[in-house]
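J.: Quick one, structure for this:
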Amino acid sequence: MFLNKLSKYDDLSKKWNLEKGFKFLLEPIKFHLGQNKFLQKPTGRKDAAELLLWLDQMILEQQSQRESGDISLVDHFNNIQLIYISCIKEISRQISVVCKERGILLDRVWKGYIQLFQLVINETNKITWDIEKESLTEISRIHKMY
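T.: Sure, this is the predicted structure:
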């Protein structure tokens, strides 16, 4: 049973491509200040409130789709990622309109968090593979005894 769980984990790991899957999150947040005059307008509390409503709505929509079985776990994971990425990039854009340095700081914090998250995933995968290897060795040893 333990081995079946690990093989399911392996399948999900391959589908999600966990070791490469977060690299696109490290792309720099683009500041569109010179390209679109509308985006240069200072943001206010209304923009933050609208973004919060959008985030809540999108998360609820994804949860309901997942609970109804309309989307796979992998698609659900990818969609949730995109929602959070979009939200953090918009927050960074809003902040950078008022203070570009704060926007850059938020971008660096975001990248650091993603790198930390990737490190945790890699270490978890390594631990899982080590456990599986030890289990297989133990199973082989037990089979040789009989």
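
J.: How far off centre is whichever helix or strand Arg102 is part of?
T.: Element membership for Arg102, per DSSP states H and E: helix 100-145. On the basis of Cα atoms, centre = their mean, to the nearest Å, helix 100-145 sits 14 Å off its chain's mean C-alpha point.

J.: cool, and stretch 63-72?
T.: Distance, centroid of stretch 63-72 to centroid of chain: 18 Å (Cα atoms, centre = their mean).

J.: Mind checking what secondary structure the residue most central in space within the chain has?
T.: Closest to where the C-alpha atoms of the chain average out (Cα atoms, centre = their mean) is Gln81, at 4.5 Å. Classification of Gln81 using DSSP: H, G, I helix; E, B strand; the rest coil returns helix.

J.: what's the spacing between it and Ile104?
T.: 23 Å (Cβ to Cβ, to the nearest Å). Where C-beta positions appear, they are placed from N, C-alpha and C, glycine not excepted.

J.: Any stretches of this protein with poor pLDDT?
T.: Within the chain, the ranges that satisfy pLDDT under 70 run 1-42.

J.: Report how many residues lie close to Gln62.
T.: Burial measure for Gln62: 19 neighbouring residues, criterion other Cβ atoms under 10 Å.
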